[in-house]
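Peer 1: could you look at this predicted model? Sequence included:
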Amino acid sequence: MSDVYSEEQAPGAAPEDVDVEAVLDELVDTVERAKSMPLSSSAIIARDEVLGLLDAARSGLPTELQRARRILQDREDIRIRAEREAAELLDEARAQAAYMVQRTEVVRQARHQAERLIEDAESEGRKIRHEADDYVDRKLAAFEIVLDRTMRTVQAGRARLTVLPEVDDESDAGAEGGARAEEGFFDQDQS
């Protein structure tokens, strides 16, 4: 478990200090290193160690989710700010157009400038929205990759736990091999 936490960190450290992927890798490593129970596909693991790793992963996931929520909120804030700036530009353009209504040339120029400002504001708003969407998509894709890798690691670990060890019948047939099998046999009904 020492691979997951730095020297100053402890299992109760702040959630933003936890690398969820590292915790899950450590958990898989712990399960893979676990001793098998004789004549069983079950493994013997240190409950406290595994529970500590699971708690660390659980505390790290909300951090990742909070980051994703913050990214989405930032995107929304950018969109609102762009809309507000566009509205301000529109108001400014309308005020300027009303001022220049006196002459037709001035009016034509004002309309042209107002349309250009509107197009620029809408274009800038679309650009900001696309950049925010791309940023959020990249972050969510990275998070999806971590989750997919974690799922595959957990599935591989579970698959390893369900595989029964193969027994060599020929080596157990001998008297010496049979005696060794008797020594290693554990009967849970006997105390």
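Peer 2: Noted; the coordinates are in hand. Numbers count the residues shown, from 1 in each chain.
Peer 1: is it true that residue 136 touches residue 75?
Peer 2: Yes: with contacts defined as C-beta atoms under 8 Å, residue 136 counts as touching residue 75 at a distance of 5.7 Å. All C-beta atoms are positioned from the backbone trio N, CA, C, and that covers glycine.
Peer 1: now the common contact residues for the two.
Peer 2: Taking C-beta atoms under 8 Å, 6 or more residues apart in numbering as the contact rule, residue 136 and residue 75 touch no residue in common.
Peer 1: can you pull the contacts of residue 150?
Peer 2: Contact partners of residue 150, counting by C-beta under 8 Å, 6+ apart, are 20, 21, 24.
Peer 1: residues touching the nearest residue to the first one once chain neighbours are set aside, list them.
Peer 2: The shortest distance from residue 20 to any non-neighbouring residue, by C-beta to C-beta, 6 or more residues apart in numbering, is to residue 60 (3.7 Å). Contacts were defined as C-beta under 8 Å, 6+ apart; by that measure residue 60 touches 15, 18, 19, 20, 23.
Peer 1: just name the closest of those residues to residue 66, please.
Peer 2: For these, the minimum distance to residue 66 (C-beta to C-beta) is 8.5 Å, reached by residue 15.
Peer 1: and that closest one, what pLDDT?
Peer 2: In this model, residue 15 is scored at 46, pLDDT.
Peer 1: same question, the one 10 residues further on
Peer 2: In the prediction, the pLDDT value recorded for residue 25 is 87.
Peer 1: list the buried residues for the host helix or strand of it?
Peer 2: Assessed by DSSP states H and E, residue 25 sits inside helix 20-33. Neighbour-count burial for helix 20-33, with 16 or more other C-beta atoms under 10 Å as criterion, is recorded at 20, 21, 22, 23, 24, 25, 26, 27, 28, 30, 31.
Peer 1: any figure for the gap between the second one and residue 36?
Peer 2: What it means is residue 21. 27 Å (C-beta to C-beta, to the nearest Å).
Peer 1: equivalent analysis for the third one, please.
Peer 2: Separation of residue 22 from residue 36 (C-beta to C-beta): 26 Å.
Peer 1: could you look up the SS state of the nearest residue to residue 163 once chain neighbours are set aside?
Peer 2: Closest residue to residue 163 apart from its sequence neighbours, by C-beta to C-beta, 6+ apart: residue 41 at 6.7 Å. Recorded secondary structure, residue 41: coil (DSSP: H, G, I helix; E, B strand; the rest coil).
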